[in-house]
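[1] Turn this into a structure:
(4 chains)
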Number of protein chains: 2
Amino acid sequence: MKDNNDMPGHLARRFQQIAVAVFLAEVGEAGFDLTPVQYAALATIKANPGLDQVTLAGLIAYDRTTITGVVDRLVQKGLTERRASSRDRRARELEITDEGRRVLRKITPAVESAQAIMLRGLSAKEGEDLMRLLRKAIAAGNELSRAPLREV
Amino acid sequence: MKDNNDMPGHLARRFQQIAVAVFLAEVGEAGFDLTPVQYAALATIKANPGLDQVTLAGLIAYDRTTITGVVDRLVQKGLTERRASSRDRRARELEITDEGRRVLRKITPAVESAQAIMLRGLSAKEGEDLMRLLRKAIAAGNELSRAPLREV
DNA sequence: TACTGATAGTCAGCATACTGAGCAATATCC
DNA sequence: GGATATTGCTCAGTATGCTGACTATCAGTA
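    Predicted coordinates:
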């Protein structure tokens, strides 16, 4: 029987589990209440003002049914505005608020610290290698999930 | 602004997302309805007959509140038996059923195929490297999640 | 222009994961 | 032996992620 430690799927789950825990701990200690998912969405909204939800989902590889709830929570926290698009009445245009910008700025050190802690068992070179290999595996498997990455 | 692709947390989430999708696709095509989480639990129950839920959770690094539902579903599918322990009346002893054993045996090719597909963008050596680096990062971060791995 | 197909978003339902609380039973310590 | 702490499990609540279905709208075409 294959050991769990020989299963990339198991390792993937475990690494992600630790990554989320570290993120929440660092961000929480800094006094903020934002999940990794919400952070990525907020940062992407800031970088792409006025984008719609499907585009946002594609940029961070979230399912379109997931993005609805994430944006709900960002709006509820006052970090994002959602308004109907004038060009396409099906679409919602997303915009970061001043408060969202402020939170994003203040939270950055905690986020970067979290990224470092996730890799604390690795040397700098090993960390680079790990990220490179993950990127490569992810690129090859992009179309295999329901929510592939879609560059604009 | 750091790119998502420079964030180990983002890469972790994405790789795990693909891993789950691949697992479900392969196992589904083989005619089975079992999640990665349920598979790991079932395999661990088979390898450790009579273990209790907390021990099971520790062996695969699941939260104890998560394991309750996972075992519920394994029992409901007839793959696992849960009975009160005679030595400790708080504990539940878990046992795989004959049907569970049968499913586990039949499902193995699909599971192994899934593990290969997750790494299909990488050479054999790169796949080994990725797993080694993940194991190392995970070992260093084991205590950082609420559900660390606990060897018996 | 009417029809057809595709697209944006939402919703219900299910399965992880987690926080925090609580119950029952066991272990430990005085 | 009895108070106290710990442990095994469960539950309620919240947040991803997904499947599948549905509405509203848009785009292309006959």
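[2] which stretch of helix or strand covers the spatially most central residue of chain A?
    Geometric centre of chain A, nearest residue: residue A:40, 3.4 Å, by C-alpha atoms, centre = their mean. Per DSSP states H and E: residue A:40 is located in helix A:36-47.
[3] C-terminal to that helix, what's the next element?
    Next element after helix A:36-47 (DSSP H and E): helix A:53-60.
[4] if we can go back for a sec, could you check the helix holding residue A:40 against chain B for contacts?
    Yes - for helix A:36-47, a contact with chain B is found by C-beta under 8 Å from any C-beta of the partner chain, at A:36, A:37, A:40, A:43, A:47. (Each C-beta comes from the backbone N, C-alpha and C, glycine too.)
[5] out of those residues, which one sits closest to residue A:103?
    residue A:43 (10.5 Å; C-beta to C-beta).
[6] contacting residues around the closest residue to residue A:44 other than its chain neighbours?
    Distances taken as C-beta to C-beta, 6 or more residues apart in numbering or on different chains place residue A:59 nearest to residue A:44, at 5.1 Å, with adjacent residues excluded. Contacts for residue A:59 (C-beta atoms under 8 Å, 6 or more residues apart in numbering or on different chains) come out as A:44, A:48, A:51, A:149, A:150, A:151, A:152.
[7] Using TSV, lay out those residues together with pLDDT, neighbour count and distance to DNA strand D.
    As requested, the contacts of residue A:59 are exported to TSV (pLDDT from 0 to 100; neighbours: other C-beta atoms under 10 Å in any protein chain shown; distance: C-beta to the nearest atom of the strand, whole Å):
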residue	pLDDT	neighbour count	distance to DNA strand D
A:44	97	20	13
A:48	97	15	18
A:51	97	20	16
A:149	95	18	11
A:150	93	13	13
A:151	88	5	17
A:152	77	7	17
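[8] Dump these to CSV, plus distance to residue A:119.
    Converted to CSV, these look like this (distance: C-beta to C-beta, whole Å):
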residue, distance to residue A:119
A:44, 23
A:48, 28
A:51, 30
A:149, 22
A:150, 27
A:151, 26
A:152, 29
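[9] What is the nearest of those residues to residue A:10?
    Nearest member of the contacts of residue A:59 to residue A:10, counting by C-beta to C-beta, is residue A:149, at 23.3 Å.
[10] May I have the secondary structure class of the closest one?
    coil (DSSP: H, G, I helix; E, B strand; the rest coil).
[11] Verify the contact between it and residue A:61 for me.
    Yes - contact criterion C-beta atoms under 8 Å: residue A:149 and residue A:61 qualify, at 4.4 Å.
[12] who touches both of these two?
    Joint contacts of residue A:149 and residue A:61 (C-beta under 8 Å, 6+ apart) are A:142, B:14.
[13] The residue nearest to the centre of chain A - nearest residue in space that isn't next to it in sequence?
    Leaving aside its sequence neighbours, residue A:40 is closest to residue A:60 (4.9 Å, by C-beta to C-beta, 6+ apart).
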